[in-house]
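Participant: Please find the sequence and the predicted model below.
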Amino acid sequence: MLNPALIDDATQQRIDQICRSMEEYAFCNNVFNQNIKGSSADIVALTQITVEQANTNATNTHSFITQLLQKTTDPTEKKALTICENAYRLVMGSFQEAALDFFSKDYEGMLESERKAPRAQASCIDIYNTPTSPPNPLGLRNRQMRILIAMAVAAGTELTSGSISSL
């Protein structure tokens, strides 16, 4: 992790512009600061961080859900986890596509792939908001994924629109 004081002002301004539109600034800022390679990063490098972190988080959460599914015997919990497993499979696929597009420099394609993720991920949140739902074992993971998706879309939007200086 790089000390935030070592990040140059221009980079921190880019990070701030993305993170100020997130539901939790500190989480967003920490993701960038923990994954930045050096003291300076343009919008392309920041976008790469969001794509990679969203992909990693979706993959880890999908694996966690799969483990929970193997252990549960409660039919209501199994149904909810199955919905979440399907949701995170879609989110994972979206960010795998986004990563391929990113590394091919197809930033519009990347953004299109990322924009599929929020609706898929929301189904895992919604299933636990019903009166008969079991306790939610994915609350923190869902919140982090929701923020990472928003960060990726925000960074991708900035990258494709050029509203943040890429210098």
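Facilitator: Structure received. Numbering: from 1, shown residues only.
Participant: Over to the residue of the chain most remote from its centre. Which of the three states is it?
Facilitator: Largest separation from the mean C-alpha position in the chain: T73, at 29.9 Å (CA atoms, centre = their mean). Here T73 is recorded as coil under DSSP: H, G, I helix; E, B strand; the rest coil.
Participant: Show the pLDDT at the nearest residue to Y128 once chain neighbours are set aside.
Facilitator: Of all residues beyond its chain neighbours, the one nearest Y128 is N136 (4.0 Å), with distances taken as CB to CB, 6 or more residues apart in numbering. (Glycine included, C-beta is placed from N, CA and C.) For N136, the model assigns a pLDDT of 91.
Participant: Same check on S165?
Facilitator: pLDDT for S165: 42.
Participant: Kindly report the same for T73.
Facilitator: 95.
Participant: how close does it get to L81?
Facilitator: T73 sits 12 Å away from L81, going by CB to CB, to the nearest Å.
Participant: same deal with M92?
Facilitator: For M92, the distance to L81 (CB to CB) stands at 16 Å.
Participant: So these two - more neighbours on which side?
Facilitator: The neighbour comparison of M92 against L81 (other CB atoms under 10 Å) goes to L81, with 25 against 22.
Participant: check contacts around the more buried one.
Facilitator: 65, 68-69, 72 (CB atoms under 8 Å, 6 or more residues apart in numbering).
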